[in-house]
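Visitor: Sequence plus the predicted model coming up.
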Protein chains: 2
Amino acid sequence: MGEPTEPDPDAAAGRGSAALIEDGVEFDGRDAALLRAVDAAGSVAGAAADLGRSRARALSRIEDLEEAYGTLVERRRGGEGGGGSRLAPSGRALLDRYDRLQAVLAATAAVPETVLDGTVTAVDGELAVVDTAVGELSGLHGGGGEADDSGDDRGTVAVGDAVQVRIGADAVTVNDADDAVDPDATSARNRLPGRISRIDPGETVSTVRIAVGAAAGSGGADDAEGGSDGVAVAALITAESIDRLGLAPGDPVSIRWKATATRLVAHAE
Amino acid sequence: MGEPTEPDPDAAAGRGSAALIEDGVEFDGRDAALLRAVDAAGSVAGAAADLGRSRARALSRIEDLEEAYGTLVERRRGGEGGGGSRLAPSGRALLDRYDRLQAVLAATAAVPETVLDGTVTAVDGELAVVDTAVGELSGLHGGGGEADDSGDDRGTVAVGDAVQVRIGADAVTVNDADDAVDPDATSARNRLPGRISRIDPGETVSTVRIAVGAAAGSGGADDAEGGSDGVAVAALITAESIDRLGLAPGDPVSIRWKATATRLVAHAE
DNA sequence: CGTCGTTGTATCGGCATAGATACAACGGCG
DNA sequence: CGCCGTTGTATCTATGCCGATACAACGACG
């Protein structure tokens, strides 16, 4: 798709790489390429040749992976053509799983994020309430057990902790300000009034920045996130929705997002 | 938090590990631990000792990282206590960035996801429309350039391609079925009628499965995702919202989610 | 039965990374 | 001035991973 619009200066976290991990064995892009090559070539030997890698290594790598992930490649020696290998259904599923993880990672790198500093005021199960410059927000903390390799407490929070609240721009919904939707009708709970400070148009998806808090009252061209009293929340909106809602800079709007789409991260203080 | 409720059998993608990458240098959990240890110990030597790693290696690793990421640690030799090192502000920021990436990754591993197979019917910029078993959905494709190391086309799609549509349960909003919200008032576009098939309660956050498509009409206790005509979409809802909306199995509901929170993944066919 | 190309298996060498060790430079402090 | 613990720097060694190579086992096919 090229880069028709530059990738946003403050786009987000920057590039990253991810790998599945099971039983201590990582499944990374190299392994994915190997499995794909096996699928294309019909044999491990052919795949290794296509990739310019050692055949013996490729085979032993597949064995290591299978020890952790189960059968991935159905191998057969002897017979027509001397034998061959096919990607097992579970191998295909693993590949899909990897691709989905990769897609999520690419998304977090490409989608703007809003980060607010705050202090935890309450913890109730997986949910926590955080006091921030724009009021109290609720979000999830503690992903899934200890995914990190260092066995510290990271990922869980307690009352009084300094945390960062991360809101992905793809999770923020924009409503008309005067549209008083029945709060009982939806499960999106975090809600803030604001004013559109800027619209960065994309081809079919635009990034809308909404000034909230103290800055929302004033004219609000201020979009410096670290501003003394101004905070800008980014929202990813399709061009069609912008047209439909008639959004333009200066418009008062109401933004909302689900608590379950809000992540709390312990802040390196 | 421990594991009061087991981590959901079909929870999601499974564990993963991620690393920032800049200028060809990866910043992984090991590097994060090193920076944290420096912050705690006040010296690189002490940090290396605490981690049981070689001091010389730790120092050269920091230098390699700084070549790619800029100043991370302020080092000073001689003086009080013989010298020492402090984490630079940019080092703290990098650590925060890594933690946010980690949090997002942990979230994708812990949050259920709904995956639908479909065929691309239209592509317009970053958006694409996909025909699935439950109708036409729109979502984003192609994260941010080529984040993967294998330089293939993966990540972008074309009309006619077989793709998987990934919808994170944390992005799905549940509304009352009879609540006819003005469609012009919100930027959430994908919308489907359905019927609650199951509620998996958590401490404060529950996973609600909504049968959509053909299965939605019948009683709908069917939640087999691969069923012939039944598809279940997972939604993460706070217990409070469930109470507020009065959700229970069998209830007709309307679910919606943003196109920008929907990822399209090329399917390994 | 021999051919063929593949899957298995073992071994060797190269290369990159990390640990171990040693030593110089630095600069407050007693 | 000498002591001290740290930052810099260099070098050697161990380890692990990968490529390269070689050879046995296999089974359909001509």
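Guide: On my side now, so go ahead.
Visitor: C-alpha only now, for contacts and for neighbours.
Guide: Will do.
Visitor: Next up, identify which helix or strand the residue sitting nearest the centre point of chain A is on.
Guide: Of all residues in chain A, the one closest to the mean position by CA atoms, centre = their mean is A:T108, 3.7 Å from it. Taking DSSP states H and E as the definition, A:T108 sits inside helix A:89-110.
Visitor: in that helix, what's buried?
Guide: Of all the residues in helix A:89-110, those buried under the rule 16 or more other CA atoms under 10 Å in any protein chain shown are A:91-92, A:94-110.
Visitor: Name the nearest residue to A:A234, ignoring sequence neighbours.
Guide: A:R209 (4.5 Å; CA to CA, 6 or more residues apart in numbering or on different chains).
Visitor: Can I get the helix or strand containing the one you found as CSV, trimmed to CA atoms?
Guide: Element membership for A:R209, per DSSP H and E: strand A:205-213. The C-alpha atoms that make up strand A:205-213 are tabulated as CSV, following Å, rounded to 0.1, in the frame of the first residue of the first chain:
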residue,chain,number,x,y,z
VAL,A,205,-9.4,6.6,7.9
SER,A,206,-8.6,9.8,9.8
THR,A,207,-7.1,10.5,13.2
VAL,A,208,-9.2,12.9,15.2
ARG,A,209,-7.8,14.6,18.2
ILE,A,210,-10.2,15.6,20.8
ALA,A,211,-9.2,18.1,23.5
VAL,A,212,-10.6,17.0,26.8
GLY,A,213,-10.4,18.4,30.4
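Visitor: And that strand, how far out from the chain middle?
Guide: Its chain's C-alpha centre and that of strand A:205-213 lie 18 Å apart, by CA atoms, centre = their mean, to the nearest Å.
Visitor: Ok, stretch A:19-37 next?
Guide: With CA atoms, centre = their mean, you get 20 Å for stretch A:19-37.
Visitor: Show me what counts as buried in it.
Guide: Under the neighbour-count criterion of 16+ other CA under 10 Å, stretch A:19-37 has A:19-21, A:26-29, A:31-37 buried.
Visitor: Can you get me the start-to-end distance on it?
Guide: Chord length of stretch A:19-37, first to last residue, is 18 Å (CA to CA, to the nearest Å).
Visitor: Establish whether that stretch and chain B are in contact.
Guide: Yes: counting by CA under 8 Å from any CA of the partner chain, chain B is contacted by stretch A:19-37 at A:A19, A:L20, A:I21, A:E22, A:G29, A:R30, A:A33.
Visitor: Excluding chain neighbours, give the residue nearest to the first one in space.
Guide: Across the structure, with CA to CA, 6+ apart as the measure, the residue nearest A:A19 apart from its sequence neighbours is A:D28 (4.6 Å).
Visitor: same deal with A:P89?
Guide: Distance criterion CA to CA, 6+ apart; nearest residue to A:P89, sequence neighbours excluded, is A:L72 at 7.4 Å.
Visitor: OK, contacts around that neighbour?
Guide: The neighbours of A:L72, taking CA atoms under 8 Å, 6 or more residues apart in numbering or on different chains as the test, are A:I62, A:L65, A:E66, A:L87, A:A88, A:P89, A:S90, A:G91, A:R92.
Visitor: what about the first one, neighbour count?
Guide: When you say that, I think you mean A:I62. Counted with other CA atoms under 10 Å in any protein chain shown, the neighbours of A:I62 add up to 19.
Visitor: Now do the SS call for it.
Guide: Three-state assignment for A:I62 (DSSP: H, G, I helix; E, B strand; the rest coil): helix.
Visitor: what ranges do the strands span in chain A?
Guide: In chain A, the segments counted as strands under DSSP state E are A:16-22, A:25-27, A:73-77, A:83-87, A:113-124, A:127-132, A:135-141, A:162-168, A:173-176, A:190-200, A:205-213, A:230-238, A:252-257, A:262-266.
Visitor: touching DNA strand D at all, the second one?
Guide: No: with CA under 7 Å from any atom of the strand as the measure, strand A:25-27 is seen stopping short of DNA strand D, the closest distance being 9.6 Å.
Visitor: what sits up against that strand?
Guide: A:A19, A:L20, A:I21, A:D64, A:L65, A:A68.
Visitor: Please name the nearest non-neighbouring residue to A:R191.
Guide: With CA to CA, 6+ apart, the residue lying closest to A:R191 is A:R256, at 4.2 Å.
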